[in-house]
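Undergrad: starting from these lines, generate the structure:
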Amino acid sequence: MFKQSSLEGRILAVSLLAVSVGVSIPFAFLHFGIDSRLAWTGGLLLALPAVLFLLRFVTHPLNRTLNALESGLLNFRDGDFSISLATKRSDQLGQLTKLYNEVGEILRRERAHIYQRELLLDTVIQSSPQSLLLVDQGDHIIYANSSARHLLNNGKPIQGLTLERLLPSCPQELADAIEKKEDGLFSYSDGDNTQTMHIGNSTFVLNAQRHRLIVIREMTRELTRAEVQVWKKVIRLISHELNNSLAPISSMAHSGKLLAQQSNKSAGTDLDAEGAPEVSARDGANHKAEALEKVFDIIAERCRHLTEFTQGYARFAKLPAPSCETVQWRQLIERLAPLHQFTLHGELPARPGYFDPVQIEQALLNLFKNAAEAGSDSAHTELQITADGRGQEIIVRDRGCGMSEKVLQQALLPFYSTKPQGVGLGLALCREIVDAHDGHIQLHNRPGGGLQINLWLPWPKCG
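TA: Model (predicted):
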């Protein structure tokens, strides 16, 4: 019961007990005939140690608990929440110790939760395609994600470096954009292609110091897609207007040809009835009718050619969304082999592919056709297929004339062609097909001559 009482109750009980002891001792001395002043003095002297002894039962647990709490709070201050206190008492000190342990457990859980959130945030930032740099007021880089390291320092660590030391090794356009501290678009060449980037700057105060967050986002793909969408709208508009005009022109040319043939027949009949002197006039009329028929034939032929020309552009402008399905690689090879000759390089992956077979077949046929037109024979036109955990890659290699650096930079743009009769849609259509599959296409010249085109397609997203 004594241990379960409050601290004030125990102090009061000890005090009353001490007073009782201090009063009873002098009365005991007086009972034995000792002088009253000596009895009271001796009683008080003996009562004082008794009081101290009794108070120790109260102060010792209190001091021990306070020392433990002080040690635990010092650990809290140092960020260590792993220590818990023993809770054997059921009094106020025990309740205080229990409360301390509960606070420690809450702090441990909160710390673990914060750590998990920081780990998740860091994982997201590190895997982000955007390049992020956090720079302090002394232009020291205090944080950089993986994209920033690859963009600015070839994947090497840059944390702790200054911008003054880092930027000279970057492309000049990129370094200028970072130094200007302004938001906007900029372009630079990475050797093979021209990259368009957007840079964003924001400033904030962290730990009483001014910091700058630099976010660099690649915009090449987005701008290219926007450009292609504009071209598609233009193509659809032009195709619509041309078709509206070509249909009646073709119909009128056909009707005119029929009328010319009927006129030729009727003229020949009338002239034969009039006799031999009119033979020369009849020959002249026949010649004119035949010439008129040729004119109508030429008009009809050019209308047909122009219709096929606009239909080719219309197919590019109206490329449907891919209908992806599981495709066996061997079946894909068997469908391609009768349409164009090529050499299969390496073994086919064991895992089946996943894409729109019609669109991918069309893309590969375009690439084989380009290889043949570039002077590569079937023995040197290779098809290789690989797959890993990230995606599937289809590689086409040839030994044609290759491409110059300038042509490589523009080969994927719609309507760009170096061929006299080319319309510039073959590679552009391949890129549209790959982009629709959320993949990407790469072109580069091969050592020894020729071109290599890589079509990378991701696996389907689970869930």
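
Undergrad: which parts of the stretch 351-463 of the chain are strands?
TA: Per DSSP state E, counting those that start in this stretch, the stretch 351-463 of the chain has strands spanning 353-355, 382-387, 391-397, 440-445, 451-458. These are given in chain order.

Undergrad: an error on my part: the question was meant for the chain.
TA: Assigned by DSSP state E, the strands in the chain fall at 131-135, 141-144, 184-189, 194-206, 209-218, 325-327, 343-344, 353-355, 382-387, 391-397, 440-445, 451-458.

Undergrad: would you mind giving those strands as JSON lines with mean pLDDT and mean neighbour count added?
TA: All C-beta spots, glycine's among them, are computed from the backbone N, C-alpha and C. Below are the strands of the chain laid out as JSON lines (pLDDT from 0 to 100; neighbours: other Cβ atoms under 10 Å):
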{"stretch": "strand 131-135", "mean pLDDT": "90", "mean neighbour count": "21"}
{"stretch": "strand 141-144", "mean pLDDT": "90", "mean neighbour count": "19"}
{"stretch": "strand 184-189", "mean pLDDT": "66", "mean neighbour count": "14"}
{"stretch": "strand 194-206", "mean pLDDT": "79", "mean neighbour count": "14"}
{"stretch": "strand 209-218", "mean pLDDT": "86", "mean neighbour count": "16"}
{"stretch": "strand 325-327", "mean pLDDT": "93", "mean neighbour count": "13"}
{"stretch": "strand 343-344", "mean pLDDT": "92", "mean neighbour count": "14"}
{"stretch": "strand 353-355", "mean pLDDT": "94", "mean neighbour count": "22"}
{"stretch": "strand 382-387", "mean pLDDT": "94", "mean neighbour count": "18"}
{"stretch": "strand 391-397", "mean pLDDT": "93", "mean neighbour count": "21"}
{"stretch": "strand 440-445", "mean pLDDT": "84", "mean neighbour count": "17"}
{"stretch": "strand 451-458", "mean pLDDT": "91", "mean neighbour count": "20"}
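
Undergrad: just send those strands back as TSV, with distance to residue 70 too.
TA: What follows is the strands of the chain, written out as TSV (distance: least, Cβ to Cβ, whole Å):
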stretch	distance to residue 70
strand 131-135	38
strand 141-144	36
strand 184-189	57
strand 194-206	33
strand 209-218	34
strand 325-327	67
strand 343-344	77
strand 353-355	64
strand 382-387	63
strand 391-397	59
strand 440-445	62
strand 451-458	58
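
Undergrad: out of these, which gets nearest to residue 429?
TA: The stretch from these with the least distance to residue 429 (Cβ to Cβ) is strand 440-445; that distance is 10.9 Å.

Undergrad: can you show me the CA trace of stretch 380-396 as CSV?
TA: What follows is stretch 380-396, C-alpha atoms only, in CSV (Å, rounded to 0.1, in the frame of the first residue of the first chain):
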residue,chain,number,x,y,z
HIS,A,380,24.8,-8.1,-95.0
THR,A,381,21.3,-6.9,-93.8
GLU,A,382,21.0,-8.4,-90.4
LEU,A,383,18.2,-8.7,-87.9
GLN,A,384,19.0,-9.3,-84.2
ILE,A,385,16.5,-9.6,-81.4
THR,A,386,17.4,-9.4,-77.7
ALA,A,387,15.4,-9.2,-74.4
ASP,A,388,16.2,-8.5,-70.8
GLY,A,389,14.2,-7.6,-67.7
ARG,A,390,13.5,-4.0,-68.9
GLY,A,391,12.4,-4.6,-72.4
GLN,A,392,12.9,-6.1,-75.9
GLU,A,393,15.2,-4.7,-78.5
ILE,A,394,15.1,-5.3,-82.3
ILE,A,395,18.3,-4.3,-84.1
VAL,A,396,18.6,-3.9,-87.9
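
Undergrad: contact partners of it?
TA: Residues outside stretch 380-396 that contact it (Cβ atoms under 8 Å, 6 or more residues apart in numbering) are 329, 333, 336, 341-346, 348-349, 351, 353-355, 360, 364, 367-368, 371-372, 397-399, 439, 450, 452-459.

Undergrad: any chance of TSV for the strands of the stretch 351-463 of the chain, columns distance to residue 324?
TA: As requested, the strands of the stretch 351-463 of the chain are arranged in TSV below (distance: least, Cβ to Cβ, whole Å):
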stretch	distance to residue 324
strand 353-355	5
strand 382-387	15
strand 391-397	11
strand 440-445	16
strand 451-458	9
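
Undergrad: what about these, which gets the closest to residue 176?
TA: The minimum distance between residue 176 and the strands of the stretch 351-463 of the chain falls on strand 440-445, with 27.5 Å, by Cβ to Cβ.

Undergrad: what lines up beside that closest one in the sheet?
TA: Strand partners for strand 440-445, identified by DSSP bridges, are recorded as strand 451-458 (antiparallel).

Undergrad: please work out which residues outside the partner strand touch it.
TA: With Cβ under 8 Å, 6+ apart as the contact definition, strand 451-458 has outside contacts at 353-355, 360, 363, 367, 371, 374, 390-398, 400, 402-403, 430, 434, 437-446.

Undergrad: is it true that residue 65 touches residue 96?
TA: Yes - contact status for residue 65 versus residue 96: in contact at 6.8 Å, counting by Cβ atoms under 8 Å.

Undergrad: more neighbours, the two?
TA: With neighbours defined as other Cβ atoms under 10 Å, residue 65 and residue 96 compare such that residue 65 has more, 20 against 17.

Undergrad: what is the burial count for the residue nearest to that one when sequence neighbours are not counted?
TA: Leaving out its chain neighbours, the residue that sits closest to residue 65 by Cβ to Cβ, 6 or more residues apart in numbering is residue 93, at 4.5 Å. Per other Cβ under 10 Å, the neighbour tally for residue 93 reads 20.

Undergrad: point out where the stretch 1-150 of the chain drops to low pLDDT.
TA: Scanning the stretch 1-150 of the chain for pLDDT under 70 picks out the ranges 1-10, 21-22, 58, 89.

Undergrad: try it again with 50
TA: 1-2 (pLDDT under 50).

Undergrad: from residue 61, how far out is the residue nearest to residue 65?
TA: If you measure residue 93 against residue 61 using Cβ to Cβ, to the nearest Å, the figure is 6 Å.

Undergrad: all set now, cheers.
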